[in-house]
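Chemist: I would like to see how this sequence folds:
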Amino acid sequence: MATANTSETIDVRENIIAVGQRLIGAKGFSAVGLNEILSEAGVPKGSFYHYFGSKDAFGVALLESYFEAYLDDLDQTLAQPDLNMAQRLMTYWRIWRETQSFYECQGKCLAVKLGAEVADMSEAMRAALNRGTAGIVSRLARSIETGVAEGSLSIEGDPRGVAQSLYQLWLGASIMVKIVRTMQPFEIAMTTTQQMLHLAP
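Modeler: Numbering: from 1, shown residues only. Have a look, this model is predicted:
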């Protein structure tokens, strides 16, 4: 059982991460300074270094927290009752389209936002991104394999390769949506996804 002090420590740490996720999700990692995060979180600088040690370590914790929540949500989506696996997968892509747009994403598009920015800047953050995205692809691959087995979808190639291609397709579409400021890249990604899984529009 956690003591009050332990609970308070967890609350302060999680608050810093939540504030950082929102600010960095909007502006990017380099554009947000520690002072802005700490001011918004109401935490002194000394406390920040007690929890994280450096901005780089904070970035890793931020990404780990983001992917933990993301994968929990994905697991729930891929386990929805009364739907076949093809329907569950298409629900996931619809949720992606709704939450990863060029509007303020409230930190829900962190992988898209930080992928290109930090991969060359920090090896530790690149590794955290790699672990998180690998977790997504693995879940998609298992789901595609299940969908093939139950007959709700069909593919050409192996499930992991298709899962990797689909994730990369949607990651690229998310970047293009921010560039062109329309939802057309997502509509193209949705059509391509249906074609790759041999689903009716």
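Chemist: only the buried residues of the helix or strand of the chain with the lowest mean pLDDT, if you could.
Modeler: Every helix and strand of the chain was ranked by mean pLDDT, DSSP states H and E. The lowest is helix 4-27, at a mean of 81. Residues of helix 4-27 classed as buried: Val12, Arg13, Ile16, Ile17, Val19, Gly20, Gln21, Arg22, Leu23, Ile24, Gly25 (neighbour count, 16 or more other Cβ atoms under 10 Å). C-beta here means a position set from N, CA and C on the backbone, and glycine is covered the same way.
Chemist: so, low pLDDT: which residues of the chain?
Modeler: For the chain, the stretches with pLDDT under 70 are 1-10, 101-108.
Chemist: recalculate using a threshold of 50.
Modeler: 1-4 (pLDDT under 50).
Chemist: the least confident helix or strand of the chain - contacts with which helices or strands?
Modeler: helix 34-41, helix 45-51, helix 55-77, helix 110-119 (3 or more Cβ pairs under 8 Å, 6 or more residues apart in numbering; DSSP states H and E).
Chemist: what angle do that helix and helix 34-41 make?
Modeler: 120 degrees (axes from the mean of the first three to the mean of the last three Cα atoms, to 10 degrees).
Chemist: Pro44: how many residues sit nearby?
Modeler: Applying other Cβ atoms under 10 Å, we find 10 residues neighbouring Pro44.
Chemist: list the contacts for it?
Modeler: Leu38 (Cβ atoms under 8 Å, 6 or more residues apart in numbering).
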